[in-house]
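Engineer: structure of the sequence below:
(2 chains, ligands or ions: 1)
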Amino acid sequence: MDSKAIEDLVAAAKEGSHQAFEALVRHTYADIYTLAYRLVGDEEDARDVVQEAYLRAHRGIKKFRGDAQFSTWMHRITANCANTYLGRRNRHRHDPLADDVDIPDLTPHLDPVHQADIDVLRTQLVSALMQLPPKLRSVVVLRDIYDLSHEAIADQLDITESAAKVRLHRARKRLRERLYPLGEERADAV
Amino acid sequence: MPYKTLTAPAGDCHRFTAELSEVVDGGQCLDQSALEHFGSCLRCQAELAQYKKLLRALSNLRGQVITPDDFLLTDILKALDRAGEGWRRHLTVLGERPAFLRGPGAVAATAGAAAATAGAIVLANRLSSRYRLTG
Ligand SMILES: [Zn+2]
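Structural biologist: Coordinates of the predicted model:
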């Protein structure tokens, strides 16, 4: 579906066409599910987040100004829903939401120099992402995969922009350290 | 003239390593001493290269879509049904069968599974009318 077709559907949905909104759902739901899964790290929770996101989108479609793409707008809504969901989940479970949680290193053997296969790296990256605490993961997913601005991320996660940046850099650092462990080299060199 | 090393003193890295992840974003906020360090330190440059690879790999994940099972679409539409009066009344033909009705045997399998769920009747009504109209 090209961007003009999506714009037309959005315009129709804003006029109250459920048919157009359903077409938008059909076109975007796999992408939105992927984002939700990456944010909450659980299939069932991701399904709930996706449903909530489309409910909110349907309620708010008239307010969608069209200065961003529909997909970007949905990403923001999904981020907000996931954040709310994680907050609720954290009150019921005891998720490792703290930034300073210890992440067990499950891949001490990883050496990207010898495992240049990009699929391997991707698998390791996805695994490393999923092991980040949700607070850190959310920011790096939204910024570095979905290209949301710091401002948008801060807005949807209800944190300050500087907090978003701090989390982003922490998340990147952890991912880098897991994927390209340099610690020993650096220690030897000192 | 003092001998100029290509690699900055290793001890200095710790002062700047936290900022490397910013450098990869453009590093507009870096002060002169950090810029000078990164310009001459091979270790930090190696880390910077890793950050760049990491960001490329993350960006490439954008193209990877996790395919949800076919019931997710049904669930979303059901949630919209429940939430909004009028949504169901206005549902009309989209010229496309739901994904879970495509392929041999999918109708029976879906019907069997759907019958076990609480919203089966609503769903079946909606789908059968759409299916008929689409037909
Ligand atoms: Zn250095």
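Engineer: CA atoms for contacts and neighbours, from now on please.
Structural biologist: Will do.
Engineer: what is the burial count for the residue of chain B at minimum distance from the ion?
Structural biologist: Nearest residue of chain B to the ion, counting by C-alpha to the ion: B:Cys13, 3.6 Å away. Neighbours of B:Cys13 under the rule other C-alpha atoms under 10 Å in any protein chain shown: 18.
Engineer: contacts only, for it.
Structural biologist: Applying C-alpha atoms under 8 Å, 6 or more residues apart in numbering or on different chains, we find B:Cys13 in contact with B:37, B:41, B:43-44.
Engineer: near the ion, which of those show up?
Structural biologist: Among these, the residues within reach of the ion (C-alpha under 5 Å from the ion) are B:41, B:44.
Engineer: can you pick the most crowded of the contacts of B:Cys13?
Structural biologist: Going by other C-alpha under 10 Å, B:Cys44 tops these with 23 neighbours.
Engineer: and A:Tyr146, what does it touch?
Structural biologist: Here A:Tyr146 is in contact with A:75, B:59, B:62 (C-alpha under 8 Å, 6+ apart).
Engineer: helix or strand: which one has the second one?
Structural biologist: In other words, B:Ser59. Using DSSP states H and E, B:Ser59 sits in helix B:42-61.
Engineer: for the first one, same thing?
Structural biologist: Secondary-structure element containing A:His75, defined by DSSP H and E: helix A:70-92.
Engineer: and the contacts of that helix?
Structural biologist: A:6-7, A:10, A:28, A:32, A:35-36, A:39-40, A:46, A:49-50, A:52-53, A:56-57, A:64, A:95, A:97, A:134, A:138, A:142, A:146, A:148, A:152-153, A:156-157.
Engineer: write the ChimeraX selection for whichever of the residues you listed are buried.
Structural biologist: Burial among the contacts of helix A:70-92 is assessed by 16 or more other C-alpha atoms under 10 Å in any protein chain shown; the matching ChimeraX selection reads:
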select /A:6,10,32,35,36,39,40,46,49,50,52,53,56,57,134,138,142,146,148,152,153,156,157
